[in-house]
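1. Got a predicted model here, sequence first, then my questions.
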Amino acid sequence: MVMFDSLNRHLLPPYGSDEIHAPNFRRLAERTVTFDRFYAGSMPCMPARRELHTGRHNFLHRSWGPLEPWDDSMPEMLGKAGVHTHLASDHPHYWEDGGATYHTRYTTWEFFRGQEGDAWKADVAATGPLTGFKDRLHRQDAINRGYLTRETEHPQTRTFDAGLEFLATNADADKWFLQIECFDPHEPFFTYEEYRRLYPHRYEGPEFDWPPYAKVTEPEDQVEHARYEYKALVSMCDRSLGRVLDFMDEHDMWDDTLLLVNTDHGFLLGEHGWWAKSVQPWFEELVHLPAFLWDPRTGQAGTRNDDLVQTIDIAPTLLDLFDVAPTDDMLGIALRPGGSEPRDGADAPVHEGALFGIHGGHVNVTDGRHVYMRACATPQNAPLEEYTLMPTHMRGRFAPAEFAGAELAEPFPFMKGVRPLRLRGSAMVSPYLHGTLLFDLEEDPQQLHPLDDPALELRMLRLLARLLHENDAPESQYARLGIPADAEPGEEHLLVAAQAALATAAAQPLPPLDDFPAGRFGLGTPLPELLSHPLALEVLRGAVPQLVHTETLGMLGSTSLYQLAAMIALPPALLRGVAEDLAAL
């Protein structure tokens, strides 16, 4: 399996785009089945990898975190069945608190340092006054790049070197699984001049290969520059992919070796007026994924598959190759497009619907044509709960204060009788600000025109509710979303029309900072300064209480209110009122 991170389907040649120079992705499509309706599930990075191991969604019960004691792990299951599993990766999140139990499930593993501000090289003299996590991350990344001046030193290159070394050593052996997992083209889009030359353009602005998780407020030439930087990095990924295809050609591996190429999610490069992911609704560019499968048992190559499939199907697919039965807790289905064994339901899609989302955000469902993005019913985005026995966040342990009110809960059916710790959860951004959205992907593939169709919304809401039950969702999720846990939702539970004004306001571009009034305090004032002043704090508490309580504040350091407003999509009219009140202080 060759797995990339943040690889955009809509920019790849096999999916109809000529924006990126990627001859090896074209070549890959000629040798594999190309999936046309492959969707993400739990997001972002480590939640997606938990799905890869467990074959079931986890975002309804847990935010970013490690594997839990009750989790099944596909590579561990393979290992117990006598299959040697090997992970070669440069993905830094595996070696943080919130990912620390994944890589040790493989028989052997190796890791290459230096991506995205990885705490790798030390330059004490270069460390100036840093005011927050984001500043420290960017400073560390700048230090790391000083040690990656040649392509041969790049973590991506070294990751593929390691994968090819494993193949050279073990290509003639049987019963092994190799996972080459590449952090690229995840931001920052750090690559080399050879690949940038593929996308010549005139740009004289600041360095910009690491877009923020926020609305686009940069000038058009800066936006286009970031897109070119992303494309250059994908072209580098394409060359690395070609090295694997070359090896399989040279060693006649196609007769007996399965190849899966996939990603965890996409990345917005200005589409919908947004950068990045996680702080906006999960649009198609983020969740409709590229995926390619060569299965020597079926021999399907150069074909396309229209089944509705997801990340949760990867674990059962790889287990199936080695005749290892999935556990009863796995909700994914083994993919064998073009195989001789008919599925139940004959021509029915693999899944009736695909569920996807982030903990505490929209809960989304698609039937392959329509997508329904269900927001929380109230501004409080509550109740929201965490269920875990591994209380760590991405880069840290749970703080003592987070255990206030914690208690052991009754186990869910998939927890194998283990009682989890139930804690109050928190979300990066409340989905309430964006409202509930409904789209017809056939008529509106770019999701520019939300629908208000009560009959369609009710059908999609009922599909979502069925999938919540199938995934053993906690009752708190039903309450947060404003639907019954013990009955079928009805017309009284619809939200599209009721939240239409919110959705319209959230979709508006953010005006330039200079358009807002300013005095002693303004939207450009750093948040810590505003929060430390009693009168300014009262303005924020009264107008935008979610700013005062959001868990991201501690990570943002000197971020201004304007910058944070771009991240959480505060309506411009509300933001103007806040600016006027602050300027009057």
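-> Perfect, I can see it now. Everything quoted here is computed from the prediction, not taken from an experiment.
2. quick one, helices of the stretch 301-450 of the chain?
-> According to DSSP state H, counting those that start in this stretch, the stretch 301-450 of the chain carries its helices in the segments 314-321.
3. Also the stretch 51-200 of the chain?
-> Residue ranges of the helices in the stretch 51-200 of the chain, as given by DSSP H, counting those that start in this stretch, are 74-80, 133-145, 155-170, 193-196.
4. Where does the prediction get shaky in the stretch 301-450 of the chain?
-> In the predicted model of the stretch 301-450 of the chain, residues 339-349 satisfy pLDDT under 70.
5. one more time with 80, if that's ok
-> Applying pLDDT under 80 to the stretch 301-450 of the chain flags the ranges 338-350.
6. How about the chain?
-> In the prediction, the chain carries residues with pLDDT under 80 at positions 127-134, 338-350, 544-558.
7. Can you name every helix or strand that whichever helix in it runs longest contacts?
-> When every helix of the chain is counted residue by residue (DSSP state H), the longest turns out to be helix 220-250. Using 3 or more CB pairs under 8 Å, 6 or more residues apart in numbering; DSSP states H and E, the elements in contact with helix 220-250 are strand 2-4, helix 23-31, helix 155-170, helix 193-196, strand 259-263, strand 268-269. C-beta coordinates here come from the backbone N, C-alpha and C atoms, glycine included.
8. what's the offset of the third one from the middle of its chain?
-> Taking CA atoms, centre = their mean, to the nearest Å, one finds helix 155-170 lying 25 Å from the centre of the chain it belongs to.
9. dump the residue contacts of the closest residue to Leu335 other than its chain neighbours.
-> Here the nearest residue to Leu335 in space, its sequence neighbours aside, is Thr317; by CB to CB, 6 or more residues apart in numbering that works out to 4.6 Å. Taking CB atoms under 8 Å, 6 or more residues apart in numbering, we find Thr317 in contact with Leu260, Leu293, Gly332, Ala334, Leu335, Arg336.
10. Counting neighbours, what do you get for the fifth one?
-> By other CB atoms under 10 Å, 25 other residues sit near Leu335.
11. For Gly273, list the residues it contacts.
-> Gly273 makes contact with Lys215, Val216, Ala507, Pro509 under the criterion CB under 8 Å, 6+ apart.
12. Just give the number of residues close to the closest residue to Glu153 other than its chain neighbours.
-> By the measure of CB to CB, 6+ apart, the closest residue to Glu153 outside its immediate chain neighbours is Tyr147, 6.9 Å from it. Counted by other CB under 10 Å, the residues lying close to Tyr147 total 13.
13. try Gly270
-> For Gly270, which is what you asked about, the neighbour count (other CB under 10 Å) is 16.
14. Pretty sure it sits against Gln222.
-> No - when contacts are counted by CB atoms under 8 Å, Gly270 is not listed as touching Gln222 (10.0 Å).
15. Leu260 touches Val2, doesn't it?
-> Yes - in this structure Leu260 lies within contact range of Val2 using CB under 8 Å: 7.4 Å.
16. out of these two, which sits in the more crowded spot?
-> The residue with more neighbours, out of Leu260 and Val2, is Val2; 22 against 19, by other CB under 10 Å.
17. Verify the stated contact: that one with Cys182.
-> Yes - look at Val2 against Cys182 with CB under 8 Å: they come within range, at 7.4 Å.
18. out of the helices of the stretch 51-200 of the chain, which comes closest to Trp274?
-> For Trp274, the closest of those is helix 133-145, at 17.9 Å, according to CB to CB.
19. by how many degrees do that closest one and helix 155-170 diverge?
-> Between helix 133-145 and helix 155-170, the angle formed by their directions is 60 degrees, by axes from the mean of the first three to the mean of the last three CA atoms, to 10 degrees.
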